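# Predicted model and sequence follow; I will ask about them next.
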Amino acid sequence: MINFTEKEFIQAKHRLEEAQARSREKERKARTRRLIQEGAVLEKAIPQVRKMSLEQLEDYLCSLIK
């Protein structure tokens, strides 16, 4: 049988795991939002990118950097 301190330890561990999962989810949502916003800025600045495939877009952006 689990004594009281072991039970408290297990509960604390689960609370920590849940907090970490919430943090990862929050970070993932923030990244998704940032990527969407950056894509919108890119489309606004260079409208022709809307018609490009991802590969074409990558090649185009790399050619601008070179």
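Everything's here; your move.

# C-terminal to the longest helix anywhere in the chain, what's the next element?
Secondary structure of the chain per DSSP state H: the longest helix is helix 4-45. As assigned by DSSP states H and E, the chain's next helix or strand after helix 4-45 is helix 54-65.

# just to revisit the earlier point, report the angle between the longest helix of the chain and helix 54-65.
Interaxial angle, helix 4-45 versus helix 54-65 (axes from the mean of the first three to the mean of the last three Cα atoms, to 10 degrees): 70 degrees.

# Helix 4-45 - what's its average pLDDT?
For helix 4-45, mean pLDDT rounds to 96.

# ok now that helix, how far from the chain's centre?
Put simply, helix 4-45 sits 9 Å off its chain's centre (Cα atoms, centre = their mean, to the nearest Å).

# what's around Val49, how many residues?
15 (other Cβ atoms under 10 Å). (Glycine included, C-beta is placed from N, CA and C.)

# How much space separates it from Ala30?
Separation of Val49 from Ala30 (Cβ to Cβ, to the nearest Å): 24 Å.

# related to what we said a few turns ago, determine the set of other helices and strands touching the longest helix of the chain.
Judged by 3 or more Cβ pairs under 8 Å, 6 or more residues apart in numbering; DSSP states H and E, helix 4-45 has no packing partners among the helices and strands.

# Asp25: what's it in contact with?
Not Asp; residue 25 is Glu. Applying Cβ atoms under 8 Å, 6 or more residues apart in numbering to Glu25 gives no contacts.

# what about it, distance to Arg33?
Glu25 is 13 Å from Arg33, by Cβ to Cβ.
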